[in-house]
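*Asks:* Need a 3D model of the following:
(one chain, ligands or ions: 1)
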Amino acid sequence: MAAAEDYRTQIAQVSYRNQAFINGKFAPSASGKTFDRISPIDGKVLTKVAECDKEDVERAVKAARAVFEKGTWSQMAPAQRKRILLKWVALIEKHREELALLETLDVGKPIANALAVDLASSIRCLQWYAETTDKVYDELAPARPDSISMITREPIGVVGCVVPWNFPLLMASWKLGPALATGNSVILKPAEQSPLTALRVAELAAEAGLPEGVLNVLPGFGETAGQALGRHMDVDMIAFTGSTEVGKYFLRYAGESNMKHVALETGGKSPNIVFGDVADINHAAATAAAGVFYNSGQVCTAATRIIVQEKIKDQFIELVAKHADKWRPKDPLDPKTTMGAMVDESQMDRVLGYIDIGRKEGAKVAFGGERARRNTGGFYVEPTIFDDVKNSMRIAQEEIFGPVVATITFKDDEEAVKIANDTIYGLQASLWTRDITRAHKVARALRAGTVNINSTDGGDITAPFGGYKQSGIGRDKSLHALEKYQQIKHTYIQL
Ligand code: NDP
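*Replies:* Numbers count the residues shown, from 1 in each chain. Below you'll find the predicted structure:
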């Protein structure tokens with residue numbers, strides 16, 4: 001990996017793709033409007049990006065629909081679709097350093113993470129779904145012997161993907177992989193904070209041979225471009241990742257337009273339960289710190305509530321604080337940096353606001369709690385640990401989306417589960433114990449799409465990911481995600 005200075009030299013050579021990508025070509029927004037992309041590393045403008053709106057959505061939907069109806073992609077032989085998708089993956093791999101740098105500049109995450117996690121996982125995801133293209137079979141139902149009862153899958157049509165800024169390329173890949181592998185046309189709206197990698201990979205897709213109109217990218221704002229997609233009468237599905245609040249808007253848009261399918265991956269407030277019999281308390285504390293401070297806490301599954309058995313609380317908090325020290329924000333372009341910037345000034349202010357709320361609610365700051373690296377002009381917050389938190393407090397109930405963890409204590413298993421489940425969210429949960437019976441019993445009782453035992457992150461592309469309760473509807477990743485992007489048809493033949 002290059003050094004920070006090498007990355008600084010590379011920045012001068014970066015050529016930003018900053019127009020909309022519609023029907024296989026870059027074009028300015030219909031209105032000609034642009035918006036500034038400000039890097040959170042230093043608060044400076046990187047480039048001006050096309051601000052798409054209703055008219056651009058109209059153009060993109062027309063292109064996506066036309067190619068879908070023509071069948072150029074939707075009816076292409078699966079093996080041929082796979083070849084094009086794998087060629088795209090190879091191009092992304094070839095440009096991984098450039099894409100990682102774009103991601104770091106756009107959202108301020110450490111360059112080492114952008115390479116080792118964002119790029120590596122995006123590549124693996126797109127490759128994995130490309131491979132499914134000619135490996136998933138349709139079915140015959142065990143119906144009457146004088147019939148053939150076929151269950152076949154068809155692409156759903158035009159899919160709008162609306163994604164957030166915390167893992168821009170990876171969140172997009174979780175949608176693009178299965179949506180494209182199953183033959184759909186896609187319109188991707190990246191978050192306003194992170195359009196750069198989406199635009200670049202769309203260009204690479206065209207280079208790989210993806211037909212025009214199959215992948216369109218519209219940078220712009222949620223309330224305009226996002227809403228226009230959500231309300232469009234000719235969009236068949238929305239695949240969304242973002243906040244619970246905006247997820248609910250998409251349900252409303254669908255209800256008020258064409259009843260399009262809506263798949264949602266939304267917020268979280270994940271519990272991390274540490275029992276007194278934890279096998280390695282230091283390892284659990286290091287993992288608890290990583291589980292909440294990674295990506296500056298801007299992770300939907302971040303283990304933001306440490307729910308620790310009363311008798312080991314003081315020792316555990318002390319150890320988490322020791323590890324928190326390794327997560328102090330530093331220069332995102334330095335390959336040794338573990339924690340970078342918050343995505344923008346308003347996110348930083350929001351997080352500092354919650355730290356204030358926590359103090360006023362009576363919780364005690366046991367570590368951090370302040371803005372950091374102010375002199376850089378960028379937006380950084382210290383890793384922050386709250387002690388003496390009650391689960392009813394706002395800092396324990398609301399998604400902060402920053403490097404802030406709340407510590408809550410419990411006496412017995414029943415109380416631990418009760419506190420863990422006392423939230424509107426249900427995305428992920430973790431628990432630490434050496435008692436296998438307890439582990440299974442508690443895991444069963446937890447209302448979450450993913451439960452980690454003696455870990456906080458067991459995620460892999462081969463396993464489904466999604467939420468119970470207000471953390472979402474449907475699943476990303478694994479073969480389970482494919483069905484979201486398909487209609488299931490039953491064809492009955494009387495013999
Ligand atoms: P938002 O919900 O604010 O935005 C997500 C996307 O929706 C963006 O592209 C945004 O556009 C768009 N959007 C915003 N408002 C509207 C609207 N009124 N109509 C249509 N579209 C709209 O989330 P953030 O980008 O702030 O991301 C953070 C959130 O994402 C957190 O709550 C986090 O938990 C969640 N998340 C969930 C994950 C999961 O898999 N469950 C994974 C990652 C994040 P714009 O940027 O222009 O506003």
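*Asks:* Check the burial of residue 446 by counting its neighbours.
*Replies:* Counted with other C-beta atoms under 10 Å, the neighbours of residue 446 add up to 20. To be clear about C-beta, it is placed using only N, CA and C from the backbone, and glycine gets the same treatment.
*Asks:* doesn't residue 417 make contact with it?
*Replies:* Yes. Under the criterion of C-beta atoms under 8 Å, residue 446 makes contact with residue 417 at 6.6 Å.
*Asks:* Give me the common contacts of these two.
*Replies:* Common contacts of residue 446 and residue 417 (C-beta atoms under 8 Å, 6 or more residues apart in numbering): none found.
*Asks:* ok, residue 434 to residue 277 distance?
*Replies:* Between residue 434 and residue 277 the computed distance is 5 Å (C-beta to C-beta, to the nearest Å).
*Asks:* So which bits of stretch 417-432 are buried?
*Replies:* Buried residues in stretch 417-432, counting neighbours by 16 or more other C-beta atoms under 10 Å, are found at 417, 419-421, 423, 425-432.
*Asks:* State the mean pLDDT of that stretch.
*Replies:* Confidence for stretch 417-432, expressed as mean pLDDT, is 98.
*Asks:* Next step: the buried residues of stretch 417-432 restricted to strands.
*Replies:* Residues of the buried residues of stretch 417-432 located in strands (DSSP state E): 425, 426, 428, 429, 430, 431, 432.
*Asks:* Turn those into TSV, including distance to residue 282.
*Replies:* Formatted as TSV, these follow (distance: C-beta to C-beta, whole Å):
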residue	distance to residue 282
425	29
426	29
428	23
429	22
430	16
431	17
432	12
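*Asks:* how would you label residue 390: helix, strand or coil?
*Replies:* Three-state assignment for residue 390 (DSSP: H, G, I helix; E, B strand; the rest coil): coil.
*Asks:* my guess is it meets residue 396, correct?
*Replies:* Yes. Between residue 390 and residue 396 a contact is recorded at 6.9 Å, counting by C-beta under 8 Å.
*Asks:* what touches both of the two?
*Replies:* Common neighbours of residue 390 and residue 396, using C-beta under 8 Å, 6+ apart, are residue 408.
*Asks:* In terms of neighbours, single out the busier of those two.
*Replies:* More crowded of residue 390 and residue 396, by other C-beta under 10 Å: residue 396, with 25 against 15.
*Asks:* and residue 400, how many residues sit next to it?
*Replies:* Residue 400 sits with 26 neighbouring residues when counted by other C-beta under 10 Å.
*Asks:* for the residue lying closest to residue 261 once chain neighbours are set aside, what are its contacts?
*Replies:* Closest residue to residue 261 apart from its sequence neighbours, by C-beta to C-beta, 6 or more residues apart in numbering: residue 237 at 4.1 Å. Contacts for residue 237 (C-beta under 8 Å, 6+ apart) come out as 156, 157, 158, 159, 160, 184, 260, 261, 262, 263, 484, 485.
*Asks:* Residue 13 versus the first one, what's the distance?
*Replies:* Here the distance between residue 156 and residue 13 works out to 40 Å (C-beta to C-beta).
*Asks:* Neighbour count for these two, which is higher?
*Replies:* With neighbours defined as other C-beta under 10 Å, residue 156 and residue 13 compare such that residue 156 has more, 23 against 8.
*Asks:* For that one, list the residues it contacts.
*Replies:* By C-beta under 8 Å, 6+ apart, the residues touching residue 156 are 182, 184, 236, 237, 261, 485, 486, 487.
*Asks:* Hmm, residue 17 is touching residue 200, no?
*Replies:* Yes. Look at residue 17 against residue 200 with C-beta under 8 Å: they come within range, at 5.2 Å.
*Asks:* Can you pull the residues of the stretch 51-200 of the chain lying near the ligand?
*Replies:* 162, 163, 164, 165, 166, 171, 189, 191, 192 (C-beta under 6 Å from any ligand atom).
*Asks:* Pull the number of nearby residues for residue 281.
*Replies:* Using other C-beta under 10 Å, residue 281 has 16 neighbouring residues.
*Asks:* Quick check: residue 21 is in a strand.
*Replies:* Yes. Residue 21: assigned to a strand according to three-state DSSP.
*Asks:* Make JSON lines out of the contacts of residue 156 and add secondary structure and pLDDT.
*Replies:* Shown next, in JSON lines, are the contacts of residue 156 (DSSP: H, G, I helix; E, B strand; the rest coil; pLDDT from 0 to 100):
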{"residue": "182", "secondary structure": "coil", "pLDDT": "98"}
{"residue": "184", "secondary structure": "coil", "pLDDT": "99"}
{"residue": "236", "secondary structure": "coil", "pLDDT": "99"}
{"residue": "237", "secondary structure": "strand", "pLDDT": "98"}
{"residue": "261", "secondary structure": "strand", "pLDDT": "98"}
{"residue": "485", "secondary structure": "helix", "pLDDT": "98"}
{"residue": "486", "secondary structure": "strand", "pLDDT": "98"}
{"residue": "487", "secondary structure": "strand", "pLDDT": "98"}
